[in-house]
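Novice: Need coordinates for the below:
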Amino acid sequence: MPYSLSRINEAIRSDPKAFADECDAAFAKKVETAARKIAEHRSVSHVILLSGPSGSGKTTTALKIEEQLEKMGIVTHTVSMDNYFNTVDPETAPRSRDGSIDYESPFCLDIELLNRHFSMLDRGETIHVPKYEFSRQMRSDILSQPMHLGADDLAIFEGIHALNDIIVGKNPRAFKLYIAARSSLADDDGRVVFQHAWLRLCRRIVRDHQFRGSDTDFTLKMWPGVRRGEKLYISPYKENADLMFDSSLAFEFSVLKPLVVPLLEKLPAGKYGVVSEMLESFRAIEPLDVRYVAPDSLAREFIGGSTYDNH
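Specialist: Presented below is the predicted three-dimensional model:
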């Protein structure tokens, strides 16, 4: 169900803080629902598999679910599956049709180790979670961290490939959760003004710029490969989920506008067709000042100032 452009614009003009808080509260309800369902499932498995495409807010959502479970008295650990990437070896790395290394492939992960760790956790054994050093493109076992789950403890493993059959097939009892920003923005005639995929792209552009120092051109060049990987390796497996929910926030189109539009306008005109389309769509959207966004909002994963920044 798309968000209403006119309702969002009116809400921002009348009471932007109340509107942002309302959107965050709606997302919190989804987190509570997920935590409750996970808690009910913990007698079946200690493992939660959380997946979703890039820019969906998987990291913050996983941490929010962890917080909610902790409030319920359930000790929970969140693990990024990125730490299970194999050290890049040009000789064995999966390749795309054009011969380049396919970094979006699930076979970049050490699937055997992941599945072994899931089984060990369900048996109450201690595992050593590796640490992947992205700057060196290699996995470090020296920096690994031990993890042991008590009788009622849980572990959330979040990553883009968490629901792939090569993982779910070996761990059918795990609770499976799919997170995605699924809502578009539409006008009063039902015409889509801003696509949900654009929302994720804008999230990535701002986050890459804010936290990684990447220029917008770099993010846009990578985006077609990211989308290709989603269609091949992520979307086909979302039906494996026990629960799916929308991670978009209605105010995000507005709060991203003053952050992303200046970055898009610096690009050479016409270089990326999608940029022209997004800039045209942003003209109809009322901007929202970032100060109205709560420090613990999911949106902070992308715009900065999050209470999770030092987690």
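
Novice: secondary structure class for residue 130?
Specialist: strand (DSSP: H, G, I helix; E, B strand; the rest coil).

Novice: Quick check: it touching residue 81?
Specialist: No. Taking contacts as CB atoms under 8 Å, residue 130 lies outside contact range of residue 81: 10.7 Å. (Glycine included, C-beta is placed from N, CA and C.)

Novice: Would you mind measuring from the closest residue to residue 269 other than its chain neighbours to residue 6?
Specialist: Nearest residue to residue 269, sequence neighbours excluded (CB to CB, 6 or more residues apart in numbering): residue 276, at 7.6 Å. Per CB to CB, to the nearest Å, residue 276 is found 24 Å from residue 6.

Novice: so where's the longest helix in the protein?
Specialist: The helix of greatest length in the chain, counted in residues with DSSP state H as the criterion, is given as helix 16-41.

Novice: got the buried residues for that one?
Specialist: Residues of helix 16-41 classed as buried: 16, 19-21, 23-24, 27, 30-31, 34-35, 38-39, 41 (neighbour count, 16 or more other CB atoms under 10 Å).

Novice: The residue nearest to residue 140 when sequence neighbours are not counted: what's it in contact with?
Specialist: Counting by CB to CB, 6+ apart, residue 140 lies nearest to residue 131, which is 4.9 Å off, once chain neighbours are set aside. Listed by CB atoms under 8 Å, 6 or more residues apart in numbering, the contact set of residue 131 reads 83, 139-140, 143-145.

Novice: Can you list the neighbours in contact with the helix or strand residue 176 falls within?
Specialist: Using DSSP states H and E, residue 176 maps to strand 175-180. Residues outside strand 175-180 that contact it (CB under 8 Å, 6+ apart): 34, 37-38, 41, 44-45, 47-53, 56-58, 61, 65, 162-163, 168, 238, 240-247.

Novice: For that strand, which strands pair with it and how are they oriented?
Specialist: Counting by DSSP bridges, the strands paired with strand 175-180 are strand 47-51 (parallel), strand 243-246 (parallel).

Novice: CSV for the buried residues of helix 16-41, including pLDDT and distance to residue 281?
Specialist: Putting these into CSV (pLDDT from 0 to 100; distance: CB to CB, whole Å) gives the following:
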residue, pLDDT, distance to residue 281
16, 98, 20
19, 98, 20
20, 98, 21
21, 98, 25
23, 98, 19
24, 98, 24
27, 97, 23
30, 96, 26
31, 97, 29
34, 97, 31
35, 97, 35
38, 97, 36
39, 97, 40
41, 96, 40
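
Novice: Same list (these) but as CSV, adding distance to residue 122.
Specialist: Listed next are these as CSV, based on distance: CB to CB, whole Å:
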residue, distance to residue 122
16, 46
19, 43
20, 40
21, 39
23, 37
24, 34
27, 30
30, 26
31, 24
34, 20
35, 20
38, 15
39, 16
41, 12
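
Novice: What ranges does this structure have for its helices?
Specialist: So, for the chain - with DSSP H - the helices run 5-14, 16-41, 58-71, 111-122, 165-168, 196-212, 216-229, 252-265, 273-282, 300-303.
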